[in-house]
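Peer 1: give the three-dimensional model of this entry:
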Amino acid sequence: MALDPIITPQQLPEQVALFDCRPETAAYLAGHIAGAIHASLDRDLASHPEDAAQGGRHPLPRVQDLAALLGQWGLTPSTHVVAYDAQNGANAAARFWWLLRAFGHARVQVVDGGLAALQAAGFPLSQEVPTVQPAPPYPAHRFVAPQADIDEVEAARLDPMRRVIDVRASFRYRGESEPIDPVAGHIPGAINVPLSENLQADGRFKTAGELHALYHDKLQGVPAAQAIIHCGSGVTACHTLLALERAGLPGAKLYVGSWSEWCRNPQRERA
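Peer 2: Numbers count the residues shown, from 1 in each chain. Reported below is the predicted structural model:
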């Protein structure tokens with residue numbers, strides 16, 4: 001039986017590698033769950049783009065760099081890894097989950113409710129940076145999780161047997177304003193399913209059944225493996241990929257460059 005990608009604080013085992021995926025180092029140092037290692041989006045979970053028009057604002061880290069870093073954190077293929085952040089998994093615990101799954105790592109989960117839920121469950125905060133026993137570089141040589149590049153997205157958006165799903169907030173999809181990227185709007189043909197629809201009113205993830213019903217409706221008979229998920233820069237899209245896996249609908253592709261790449265290519269249509 002596949003591991004549920006979501007775990008509650010009450011389900012956390014004693015032997016686990018816990019990661020704080022909040023973006024700011026200062027916030028981590030001010031107080032994190034005791035024993036948690038910091039995995040920063042910009043420092044650890046993405047590479048630095050030379051040109052966002054070629055790969056977006058948050059390209060994937062180089063495979064060899066990520067493998068070395070996971071080894072420095074003491075991770076091996078048998079390690080049980082659990083990640084949390086302060087945005088219900090959206091930044092960037094789900095990205096860390098996806099990267100490990102993309103390396104073929106099986107035992108990785110995201111804390112339902114994140115930091116707030118851990119604190120409410122009695123997990124203490126600490127300012128102590130944990131020491132870890134390094135391991136050799138993680139034995140992965142490529143990302144095995146499905147990805148789509150800009151050309152595949154171009155083809156998929158015109159194909160009625162495929163789906164391109166934009167998980168950004170609806171106001172960004174509609175082009176009413178764009179707080180991050182230089183151009184507002186969306187990829188023509190993409191449908192909008194904001195990642196907030198993956199969550200209940202209290203910020204916890206919907207159940208597997210609720211998520212299955214949601215995406216069964218949104219996909220309209222198109223298999224999940226024929227879907228491409230994107231966001232602004234390939235980070236919060238991982239939240240929906242996690243939700244799809246929980247729903248029992250794995251196989252959708254991540255468009256890493258996302259809108260941040262698409263909108264910087266004027267030859268691509270925009271809506």
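Peer 1: so where is the protein shaky, pLDDT-wise?
Peer 2: Scanning the chain for pLDDT under 70 picks out 1.
Peer 1: residue 114 against residue 82, yeah?
Peer 2: No - in this structure residue 114 lies outside contact range of residue 82 using Cβ atoms under 8 Å: 11.2 Å. No exception for glycine: its C-beta is placed from N, CA and C like everyone else's.
Peer 1: tell me where the longest helix sits in the chain.
Peer 2: Assignment by DSSP state H gives helix 208-219 as the longest helix of the chain.
Peer 1: other SSEs contacting the helix or strand just after it?
Peer 2: The helix or strand immediately downstream of helix 208-219 is strand 227-230, counting by DSSP states H and E. If you count contacts as 3 or more Cβ pairs under 8 Å, 6 or more residues apart in numbering; DSSP states H and E, strand 227-230 packs onto helix 150-156, strand 163-166, helix 237-246, strand 253-254.
Peer 1: 6 Å instead, please
Peer 2: Counting by 3 or more Cβ pairs under 6 Å, 6 or more residues apart in numbering; DSSP states H and E, the packing neighbours recorded for strand 227-230 are strand 163-166, helix 237-246.
Peer 1: pull out the buried residues from the helix or strand just after the first one.
Peer 2: Of the helices and strands lying after strand 163-166 in sequence (DSSP H and E), the nearest is helix 170-173. Neighbour-count burial for helix 170-173, with 16 or more other Cβ atoms under 10 Å as criterion, is recorded at 172-173.
Peer 1: just to revisit the earlier point, would you mind finding the most buried of the helices and strands packed on strand 227-230?
Peer 2: Of all the helices and strands packed on strand 227-230, helix 237-246 has the most neighbours on average by mean count of other Cβ atoms under 10 Å, namely a mean of 27.
Peer 1: which outside residues touch that one?
Peer 2: If you take Cβ atoms under 6 Å, 6 or more residues apart in numbering as the criterion, helix 237-246 is touched by 5-6, 89-90, 94-95, 97-98, 167, 195, 198, 208, 211, 224, 229-231, 252, 254.
Peer 1: only C-alpha atoms, please: export that helix in CSV.
Peer 2: Provided in CSV are the C-alpha atoms of helix 237-246 (Å, rounded to 0.1, in the frame of the first residue of the first chain):
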residue,chain,number,x,y,z
ALA,A,237,2.4,23.2,-8.1
CYS,A,238,3.9,20.5,-6.0
HIS,A,239,1.1,21.0,-3.5
THR,A,240,-1.4,19.8,-6.1
LEU,A,241,0.9,17.0,-7.2
LEU,A,242,0.9,15.9,-3.6
ALA,A,243,-2.9,16.2,-3.4
LEU,A,244,-3.2,14.1,-6.6
GLU,A,245,-1.0,11.4,-5.1
ARG,A,246,-3.1,11.4,-1.9
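Peer 1: just the angle between that helix and helix 208-219, please?
Peer 2: Inter-element angle recorded for helix 237-246 and helix 208-219: 110 degrees (by axes from the mean of the first three to the mean of the last three Cα atoms, to 10 degrees).
Peer 1: distance between helix 237-246 and the chain's centre?
Peer 2: Distance of helix 237-246 from its chain centroid, counting by Cα atoms, centre = their mean, to the nearest Å, is 7 Å.
Peer 1: do stretch 113-124 as well
Peer 2: Distance of stretch 113-124 from its chain centroid, counting by Cα atoms, centre = their mean, is 21 Å.
Peer 1: quick one: end-to-end distance for it.
Peer 2: Terminal residues of stretch 113-124 lie 16 Å apart, using Cα to Cα, to the nearest Å.
Peer 1: one more: stretch 53-68?
Peer 2: 27 Å.
Peer 1: buried set for it?
Peer 2: 53, 55-61, 66-68.
Peer 1: so which of those comes closest to residue 123?
Peer 2: Of all the buried residues of stretch 53-68, residue 66 has the smallest distance to residue 123: 27.1 Å, by Cβ to Cβ.
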